[in-house]
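1. Got a sequence here, can you build the structure:
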Amino acid sequence: MYGWNEEWAEKAAPYFSEEKRRIAGRVTQEHKGMYHVWTEEGTLLGEVSGKYRFEAIERGDYPAVGDWVVLEGRIQEGRGTIYHLLPRKSCFSRKAAGLTTDEQIVAANVDTIFLVMALNQDFNIRRLERYLTMAWESGSNPVIILSKADLCEDVDEKLAEVNGVSFGVPVHVVSAVENEGAGITELMDLYVMRGKTVALLGSSGVGKSTLINVFMGEEVQVVQDIREDDSKGRHTTTHRELFLMPEGGVLIDTPGMRELQLWESEVGFKNSFEDIENLSLLCRFRDCKHSSEPGCAVEQAIEDGELERSRFNSYIKLLKELAFLERKASVKAQLVEKQKGKQLTKWVRAKKKS
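-> Numbering: from 1, shown residues only. Down below sits the predicted model:
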């Protein structure tokens, strides 16, 4: 259940012993350092051990929704202590909101990411490019879900725009209102199957909670009415949560993201802007900046109408953001090494005293 298989059993085996009765579990919710963890003994409320907290250097070292952990359970109390985080096979991360350069893990160990974008006033191709970049980097397979088709009068036109930037990523148009969720059955058959984990990502009010309810066959997430003034749904999901499908698949619902900053997205960036990257190879100069150099294939494509200027501007914006993040990360790496040295010194002193 919850995606446990032989691969995870092998990863967890080194942490088990006859002396210490420890079990594996999957994080279904996280709130202020406390974790709801599903285990074969039931769902436990867990927190990391003191040693775990001492050894954790960065925010990303702590468990997130979707992670598998090894813990010692106090079953009668309904609680447990988390000692180990099993290596993640995929991880959708963003830069945490604010001025600090910290990784915020949105969902871990996900097989497929549903990038949900509504076909009403939420529709934004530039934001979709950003989501695609981060989805490719996560190690999961992106799938684009265009929701609220019943509120759109030009579905084909918007679908063409999406296909123009998605480069082979599956795109599905759905309405969870009309025909009791027409097209959603296909999503379940293709992606939400036993042993697989799907995360739903998108901005507030795009219909993620509605999709969850349709998938689950019951109302597990509260859905509010659409505002009449801007055709947007009111945001209801306030935290990440993992749901077990009746058929055995796993769904992760996430809050709408007001701020979506990149985090180590170099590979995802190249996948998302494959057209511009390929054009760059045709430029006369290898270090072409595409800003007035002679023989620039990118500028020529824009002039010929083969590439939209707005897409190129988005490319440049994200490229600058990645470069800035890389500089900040380099400085932070030095600070992390310094912090590790301090922790080691503290540990050595404690051993001497004992």
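
2. can you tell me which strand in this structure is longest?
-> Ranked by residue count and defined by DSSP state E, the top strand of the chain is strand 23-31.

3. Run through who's touching it.
-> With CB atoms under 8 Å, 6 or more residues apart in numbering as the test, strand 23-31 has contacts from 2-4, 8-9, 12, 35-41, 43-44, 46, 63-73, 80, 86, 108, 239-242. (Glycine included, C-beta is placed from N, CA and C.)

4. which residue ranges form the strands in this structure?
-> Using DSSP E, strands in the chain cover 23-31, 34-39, 42-48, 68-74, 79-85, 91-95, 103-108, 112-118, 141-147, 171-173, 197-201, 241-244, 250-253.

5. how much space is there between the nearest residue to residue 60 once chain neighbours are set aside and residue 270?
-> Once flanking residues are discounted, residue 60 sits nearest to residue 103: 4.0 Å by CB to CB, 6 or more residues apart in numbering. Between residue 103 and residue 270 the computed distance is 20 Å (CB to CB, to the nearest Å).

6. now swap in residue 195 and tell me
-> From residue 195 to residue 270 the distance is 30 Å (CB to CB).

7. now do residue 193
-> With distances taken as CB to CB, residue 193 is found 30 Å from residue 270.

8. Now do the most centrally placed residue in the chain, the pLDDT please.
-> Taking CA atoms, centre = their mean, the centroid of the chain lies closest to residue 92, which sits 3.1 Å from it. pLDDT for residue 92: 86.

9. And it, how far from residue 58?
-> 16 Å.

10. Also residue 16?
-> From residue 16 to residue 58 the distance is 27 Å (CB to CB).

11. Please apply the same query to residue 138.
-> Distance, residue 138 to residue 58, by CB to CB: 17 Å.

12. So between those two, which is more surrounded?
-> residue 138 (24 against 12; other CB atoms under 10 Å).

13. contacting residues for the spatially closest residue to that one that is not a sequence neighbour?
-> Closest residue to residue 138 apart from its sequence neighbours, by CB to CB, 6+ apart: residue 92 at 4.1 Å. Each residue near residue 92 by CB under 8 Å, 6+ apart is listed here: 105-108, 110, 113, 134-135, 138, 140, 199, 201.

14. Can you name the residues that contact the spatially closest residue to residue 191 that is not a sequence neighbour?
-> Setting aside the residues directly before and after it, residue 191 is nearest to residue 112 in space (CB to CB, 6+ apart), at 4.8 Å. Shown in contact with residue 112 (CB under 8 Å, 6+ apart): 140-143, 191, 196-199.

15. hey, what's residue 112 bridged with?
-> Counting by DSSP bridges, residue 112 forms beta bridges with residue 141, residue 198.

16. Against residue 61, how distant is it?
-> Residue 112 sits 25 Å away from residue 61, going by CB to CB.

17. any idea how far residue 123 is from the spatially closest residue to residue 271 that is not a sequence neighbour?
-> Distance criterion CB to CB, 6+ apart; nearest residue to residue 271, sequence neighbours excluded, is residue 136 at 4.2 Å. Separation of residue 136 from residue 123 (CB to CB): 21 Å.

18. before we move on, what about residue 138?
-> Counting by CB to CB - residue 138 and residue 123 are separated by 23 Å.

19. Going along the chain, name the helices of the stretch 151-300 of the chain.
-> 155-166, 184-190, 208-216, 266-272, 274-280, 297-303 (DSSP state H, counting those that start in this stretch).

20. Outline the domain layout of this protein.
-> Per automatic domain parsing, the structural domains of the chain span 6-85, 91-253, 273-344.

21. Could you single out the most deeply buried of those?
-> Highest mean neighbour count of the domains of the chain: domain 91-253, a mean of 18 (counted as mean count of other CB atoms under 10 Å).

22. Many thanks, I have nothing further to ask.
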